[in-house]
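K.L.:
Give the three-dimensional model of this entry:
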Amino acid sequence: MRTRDHTKLRLQDGEFDVLVIGAGINGAAVASALAHRGLRTALVDARDFAGYTSQGSSNLIWGGIKYLENFELGLVRRLCRSRNTLMQAYPNAVKETRFLAAISRKASHTRLLVWLGAWLYWLLGDGKTRIPRLLSCHALKRTEPTINTAGIQGGVEYSDALLVDGDARFVFSLVHRAVDAGCVAANYLEVTDAQRFGKYWQVDIADRMDDSQMRVRARVVVNAAGPFADQIVKCAQVATGSRHVLSRGIHLVTHGLSRCSRVLAFIAKDGRPFFVIPLGHRASIGTTDTPVESPTVNVEESDRDFVLDNINACLDLDSPLDRADVISERCGVRPLAVAVHAKETGDFLSLSRKHVIETDTKNRFVSIFGGKLTDCLDVGAETRDAVLSLGLADPGVPSCWYGESDTETQNAFFARAQLFISQDARFDQAWCQRLWRYYGSRALQLIQRLADEPDAGEVILQADGFTRAELELVRDNEMVVMLEDFLRRRTLLAQTYLRTDLAGHAMLRVCEILFGERARQRYTEYFHTAPPEVKDHD
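P.N.:
Residues are numbered from 1 along each chain as shown. Below you'll find the predicted structure:
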């Protein structure tokens, strides 16, 4: 991927077939689908790639078993099929994961009914996952000793999937795909105005890093701004039949709470779903679906207390979790599509999670409302088809726009990596697998460089074994502008390590590699403290 400055030059006064506004999961999928069709595509976001909603999800790729309660069988079947496609296309990054649901004696459904629902869920997913299991209270305790079974009638075990490296890293893999196909993509570029003149949209964009201005022309605009989509609609002065209502989800990250890699599912005291989800070597605990008015949200004191109270009631821990055990926090807003004149509903959880794609044929403006990580491939394909229906010349050169690199490249990487790690005890199989999940075909070039240049294998950051060669690859390919981009969205480091554990000489060296002369500035911006004195690295 070209440097951000060079990308800005390509955008300045550029002319494109399609401008995609918003580089979350929807925008990244759409940009990749369009670029692989041969359309001249640009992708911009006011923040970093996956810098808002798509960095605050539960990291689950699931078919929505809870939606069975509302009899949305069609939605569940479509989501299950989308989940299956993602597991097949990303066998290393999207892993089938067992869910263990503890059913309270006060629950509105018996464990037998939940088990039957899990079988229906399995059938709607074409039986592509392991079959459900019905567990007595004693079997539940044997399966997962950390669960507090007081007041529990038993449990049900079933399968869905999990993003191994988190949501933001997955989004960036699609951005990479788009760029490799010719898409011009840049972060921290905010749309300030959009007007249509003749056959083109004229879109004014401000660089949030240096306040410079640019103008882009595009035949079609795709509004993929997630919770900010309504603002883009207003800015462009187009009419839509849908709008968003917003749902906040929060998670607290703590040390691992179980020896197993299952997702533990409960019903919180207020009736909302409540999960303990693996996040690297940590646990992400939280809830979803709290109605909010504004897209800009934070974790509140009451949220922390609620999560800690519920998890301490649900699990048998050696000592109760308190705020000192919280390593990091995750907070995001899910945009839910409703009719523009829809009345407010008292039952927020009953709102459909279906996405809506609206096409303004006259103005050549496509808006995406709603959407989930699970159905990102559907959103990408449907939006691509909507764009093509607007009369653009179809280059007619479709190619696969998602998935991991081909099997031949994967086999070559793992063969070369196995030889490398057998000769260097500092690296192991988990490190090798992470490189492939992060970089795909680029990982083969990386491992070859590590073998050819011993100095490039110097481990700069012990956490996850980041070498100088890998950090240089990130610098040259991943458009990291702020240190948070690297720690929070290109990796899981900021979520799985305390900030105090990350600070120090090693992180300053990371900054020197990523940012050059701006290293100390970027360090101070993130840690809010002066960096340590520079040491001699020779």
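K.L.:
Please spell out which residues along stretch 263-275 are buried.
P.N.:
Residues Val263, Leu264, Ala265, Phe266, Ile267, Ala268, Arg272, Pro273, Phe274, Phe275 are the ones in stretch 263-275 that count as buried (16 or more other CB atoms under 10 Å). C-betas here are computed from N, CA, C, even on glycine.
K.L.:
Show me the strands in the stretch 101-250 of the chain, by range?
P.N.:
Applying DSSP state E, counting those that start in this stretch to the stretch 101-250 of the chain gives strands spanning 133-135, 152-163, 184-186, 189-197, 200-207, 213-223, 242-255.
K.L.:
will you turn those strands into JSON lines that also has mean neighbour count?
P.N.:
Below are the strands of the stretch 101-250 of the chain laid out as JSON lines (neighbours: other CB atoms under 10 Å):
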{"stretch": "strand 133-135", "mean neighbour count": "18"}
{"stretch": "strand 152-163", "mean neighbour count": "23"}
{"stretch": "strand 184-186", "mean neighbour count": "26"}
{"stretch": "strand 189-197", "mean neighbour count": "17"}
{"stretch": "strand 200-207", "mean neighbour count": "19"}
{"stretch": "strand 213-223", "mean neighbour count": "22"}
{"stretch": "strand 242-255", "mean neighbour count": "21"}
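K.L.:
Go through those and name the closest to Ala337.
P.N.:
Closest approach to Ala337 among the strands of the stretch 101-250 of the chain is made by strand 242-255 (5.1 Å; CB to CB).
K.L.:
export the helix or strand that comes right after that closest one as CSV, just CAs?
P.N.:
Note on strand 242-255: by DSSP states H and E, the next helix or strand toward the C-terminus is strand 263-267. Extracted in CSV, the C-alpha atoms of strand 263-267 (Å, rounded to 0.1, in the frame of the first residue of the first chain):
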residue,chain,number,x,y,z
VAL,A,263,-17.5,-18.2,24.7
LEU,A,264,-19.6,-18.3,27.9
ALA,A,265,-23.1,-16.9,27.5
PHE,A,266,-25.5,-15.8,30.2
ILE,A,267,-28.5,-13.6,30.6
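K.L.:
contacts for strand 263-267?
P.N.:
Here strand 263-267 makes contact (CB atoms under 8 Å, 6 or more residues apart in numbering) with 60, 97-102, 104, 107, 144, 146-147, 160, 162, 257-258, 273-278, 310, 314-315.
K.L.:
Could you identify the buried members of those residues?
P.N.:
So, by 16+ other CB under 10 Å, the buried ones in the contacts of strand 263-267 are 60, 97-102, 107, 144, 146-147, 160, 162, 257-258, 273-278, 310, 314-315.
K.L.:
tell me which residues of the lowest-mean-pLDDT helix or strand in the chain are tucked away?
P.N.:
In the chain, the helix or strand scored least confidently by mean pLDDT, DSSP states H and E is strand 282-292, which has a mean of 87. Within strand 282-292, the residues scored as buried using 16+ other CB under 10 Å are Arg282, Ala283, Ser284, Ile285, Gly286, Thr287, Thr288, Thr290.
K.L.:
Any idea what the closest residue to Glu293 other than its chain neighbours is bridged to?
P.N.:
Once flanking residues are discounted, Glu293 sits nearest to Leu246: 7.1 Å by CB to CB, 6 or more residues apart in numbering. Counting by DSSP bridges, Leu246 forms beta bridges with Val292, Pro335.
K.L.:
Contacts only, for Leu246.
P.N.:
Going by CB under 8 Å, 6+ apart, Leu246 touches Pro227, Pro291, Val292, Glu293, Ser294, Pro295, Val333, Arg334, Pro335, Leu336.
K.L.:
Among the residues you listed, the buried ones, what's the ChimeraX command?
P.N.:
In ChimeraX syntax, the buried subset of the contacts of Leu246 is picked out as below (16+ other CB under 10 Å):
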select :227,295,333,334,335,336
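K.L.:
between the contacts of Leu246, which is closest to Gly396?
P.N.:
Closest to Gly396, out of all of those and judged by CB to CB, is Pro335, at 33.3 Å.
K.L.:
What about Ala417, how many residues nearby?
P.N.:
Ala417 has 24 neighbours, counted by other CB atoms under 10 Å.
K.L.:
Val297 touches Arg330, doesn't it?
P.N.:
No. Assessed by CB atoms under 8 Å, Val297 is found out of contact with Arg330, at 11.5 Å.
K.L.:
quick one: which of those two has more around it?
P.N.:
Using other CB under 10 Å, the more surrounded residue of Val297 and Arg330 is Arg330, with 23 against 20.
K.L.:
roughly how far apart are that one and Gln237?
P.N.:
For Arg330, the distance to Gln237 (CB to CB, to the nearest Å) stands at 35 Å.
K.L.:
Alright, that wraps it up for me.
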